[in-house]
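A.B. asks: Sequence and predicted structure are below.
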Amino acid sequence: MIDYNANVRPAEMERITDFDKANAFIDAQVDAIRAQVGDKKVLLALSGGVDSSVVAALLIKAIGKQLVCVHVNHGLMRKNESEGVVELFKNGLDANLIYVDATDRFLDLLAGVSDPESKRKIIGKEFIEVFADEARKLEDVTYLAQGTIYPDILESIKAAEGKKAVKSHHNVGGLPEDLQFELVEPIKLLFKDEVRVVGEALGLPHGMVYRQPFPGPGLGVRCLGAITRDRLHALREADAILREEFDKNGLAGKVWQYFVVIPDIKSVGVRDESRYEGWPAIIRAVNTTDAMTATIEEIPYAILHTIVDRITHEVEGINRVLMDLTPKPVGTIEWE
Ligand code: XMP
């Protein structure tokens, strides 16, 4: 029998490419999780990303309401994203889910902070604090589940060898000393494509399982410079329009990542025959296999025209739309 909880992927472990293999994995992990946690409670930070969602679905299948999911809305989520997580897990899967709207905590701390690394650090640190505050309110929690996947483990090995990262990527980092749990990491030997197959086999919606990557600091690194609520709102609306048009035109499955960025500059425009100062929305649409390098996806002009028209007419505060045609390298995928 394959030990899915080993620390290194066993040589005999076949790639999970279909539902049969996914179901065998799910059955083995359900047994392993039950054996590990018994009747104890398990805590999980559920962002709504693929990895934490698959872990949640797996644990719900194994231990039902012994799993306590905490969804922290840091105010930097995309349009309707937190609502979607609550709808799917609380209402659809009957999960034991705590929803925390921490928008004000994050945006107050970020006010006036323009340095990208400082923003990332504030968001990462506050995320842990909000999550820890919720964890302290709970009783009898013994375990912490995490959506660690195999590339994370390979990445840590690289980090341990002293290779420097370009940006301080944030997912759930270390918890404070007073909160020490044993870890449950049921997908830690899986690659991303395998996580998606397992997610679909668990019945998660296709759109969630194949959703494009979204950074931990969320729209915080796309609302460039010091975040303001009005510019963040404009970004969220513009991004929703871009995603809607990509969906409608069949680009969603073809382009790896596509989003809007808004810099902290204004230009002069005209609307209703009057001077109209506004921010530019910058569209970025890239393809990549591993996010280490990325190429620019060509988007048909007709679709771009519709997007420009909709964003400039429907979003308050935006008067221009630009397109970023820079591959990685030399640009990174995100702007901050
Ligand atoms: P960059 O900007 O470094 O991004 O070219 C590469 C990929 O990583 C995503 N990204 C993040 N993902 N936490 C994450 O989980 C983060 O802090 C983070 N920052 C960037 C980015 O969206 C792209 O897919």
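C.D. replies: In hand now; what should we look at?
A.B. asks: just the helices in the stretch 151-300 of the chain please.
C.D. replies: Assigned by DSSP state H, counting those that start in this stretch, the helices in the stretch 151-300 of the chain fall at 192-201, 206-209, 229-248.
A.B. asks: Also the stretch 1-150 of the chain?
C.D. replies: Under the criterion DSSP H, counting those that start in this stretch, helices of the stretch 1-150 of the chain are mapped to 19-37, 50-63, 81-85, 103-110, 116-137, 150-160.
A.B. asks: and stretch 139-153 with the ligand, contact?
C.D. replies: No. Using Cβ under 6 Å from any ligand atom, no contact is recorded between stretch 139-153 and the ligand, whose separation bottoms out at 9.7 Å. Bear in mind the C-beta positions are built from the backbone N, C-alpha and C, glycine included.
A.B. asks: quick revisit: most packed of the helices of the stretch 1-150 of the chain?
C.D. replies: helix 50-63 (a mean of 24; mean count of other Cβ atoms under 10 Å).
A.B. asks: Show me what that helix is packed against.
C.D. replies: Using 3 or more Cβ pairs under 8 Å, 6 or more residues apart in numbering; DSSP states H and E, the elements in contact with helix 50-63 are helix 19-37, strand 41-45, strand 67-73, strand 141-145, helix 192-201, helix 206-209.
A.B. asks: Put together TSV for these, with mean pLDDT and distance to Arg105 on each row.
C.D. replies: What follows is these, written out as TSV (pLDDT from 0 to 100; distance: least, Cβ to Cβ, whole Å):
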stretch	mean pLDDT	distance to Arg105
helix 19-37	97	31
strand 41-45	98	16
strand 67-73	98	10
strand 141-145	96	22
helix 192-201	97	30
helix 206-209	94	26
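A.B. asks: Pipe these into JSON lines and attach distance to Asn80 per row.
C.D. replies: Below are those laid out as JSON lines (distance: least, Cβ to Cβ, whole Å):
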{"stretch": "helix 19-37", "distance to Asn80": "28"}
{"stretch": "strand 41-45", "distance to Asn80": "20"}
{"stretch": "strand 67-73", "distance to Asn80": "11"}
{"stretch": "strand 141-145", "distance to Asn80": "25"}
{"stretch": "helix 192-201", "distance to Asn80": "20"}
{"stretch": "helix 206-209", "distance to Asn80": "12"}
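A.B. asks: which one of these lies closest to Gly331?
C.D. replies: Go through the helices and strands packed on helix 50-63 one by one with Cβ to Cβ and the one that ends up closest to Gly331 is helix 192-201, at 22.8 Å.
A.B. asks: Please spell out which residues along the closest one are buried.
C.D. replies: If you call a residue buried by 16 or more other Cβ atoms under 10 Å, then helix 192-201 has these buried ones: 194-201.
A.B. asks: Check stretch 200-215 too.
C.D. replies: Using 16+ other Cβ under 10 Å as the burial criterion, the residues of stretch 200-215 that qualify are 200-202, 204, 208-209, 211, 214-215.
A.B. asks: hang on, the earlier thing: out of the helices of the stretch 151-300 of the chain, the one nearest the ligand is which?
C.D. replies: Between the ligand and these, the shortest separation by Cβ to the nearest ligand atom is 11.4 Å, and it involves helix 192-201.
A.B. asks: starting at the chain centroid, how far to the closest one?
C.D. replies: Per Cα atoms, centre = their mean, to the nearest Å, the displacement of helix 192-201 from the mean C-alpha position of its chain is 16 Å.
A.B. asks: Next, the angle helix 150-160 makes with that helix.
C.D. replies: Inter-element angle recorded for helix 192-201 and helix 150-160: 150 degrees (by axes from the mean of the first three to the mean of the last three Cα atoms, to 10 degrees).
A.B. asks: near the ligand at all, helix 192-201?
C.D. replies: No. Interface with the ligand: helix 192-201 contributes nothing (Cβ under 6 Å from any ligand atom), its closest point being 11.4 Å away.
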